[in-house]
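Student: would you be able to build a 3D model of this:
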Amino acid sequence: MRTLGLLCCALVLLACEKPKEQPAADTTAAMAPAPAPAPAPISLADVAGKWTMRVMPENSDSAVLTYEMVADSNGFTMNFPKRKPVKAKVTASGDSLVAEAGPYESMLRKGIQVKTNSVLRLKDGKLEGTTIAHYETKGPDTVRTLHTEGTKAQ
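Tutor: Purely as a prediction, here's the structure:
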């Protein structure tokens, strides 16, 4: 009988015991925003045609140079006013076009040779990006960062 009494007490104690707390569920993955889709890759075919290009100082919207650019499967040809055309080697990398040109006589610094490196992206129908100009001078190489923007000719 004693055993039965002890067994009944043990069952009552087990029944009254608080349940173990479950660990909180990890909801951070469900609440995190979906990652932004990767930008669509670009090719030279996407920008083929004639473009009117404007070159501005890095922190200004006043153009210091305007020229026509022709894009085709071979790269870019920059047609500066009263100058021979300048060819640029262009490669596509993800959503960007990377263009290298020069050396050629600078339009901004008369009589000085320049090499340019540009990174352009197609945004809302415009080509936009940054151009780094490396001027060949007798002293150290002079570098200038410019903003470049182009609209397609109709």
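Student: when you work out contacts or count neighbours from here on, use the C-alpha atoms and nothing else.
Tutor: Fine.
Student: in contact with Ser93, which residues are there?
Tutor: Shown in contact with Ser93 (Cα atoms under 8 Å, 6 or more residues apart in numbering): Pro41, Ile42.
Student: model confidence for it, exactly?
Tutor: Here the pLDDT value assigned to Ser93 is 92.
Student: poorly predicted segments of the chain, please.
Tutor: The model of the chain has pLDDT under 70 over residues 1-20, 22-30, 141, 154.
Student: for Ser60, see how far away Asp72 is.
Tutor: 29 Å (Cα to Cα, to the nearest Å).
Student: now the residue nearest to Asn117 when sequence neighbours are not counted: which helix or strand?
Tutor: Leaving out its chain neighbours, the residue that sits closest to Asn117 by Cα to Cα, 6 or more residues apart in numbering is Glu100, at 4.7 Å. Following DSSP states H and E, the helix or strand that holds Glu100 is strand 96-105.
Student: tabulate the CA atom coordinates of that strand in CSV.
Tutor: Output of strand 96-105 as CSV, limited to C-alpha atoms (Å, rounded to 0.1, in the frame of the first residue of the first chain):
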residue,chain,number,x,y,z
SER,A,96,29.0,48.2,-66.5
LEU,A,97,30.9,49.1,-69.6
VAL,A,98,34.6,49.8,-69.1
ALA,A,99,36.2,52.0,-71.8
GLU,A,100,39.9,52.8,-72.2
ALA,A,101,41.2,55.4,-74.7
GLY,A,102,44.4,57.1,-75.5
PRO,A,103,46.8,58.6,-75.5
TYR,A,104,45.3,61.4,-77.5
GLU,A,105,45.5,65.2,-77.3
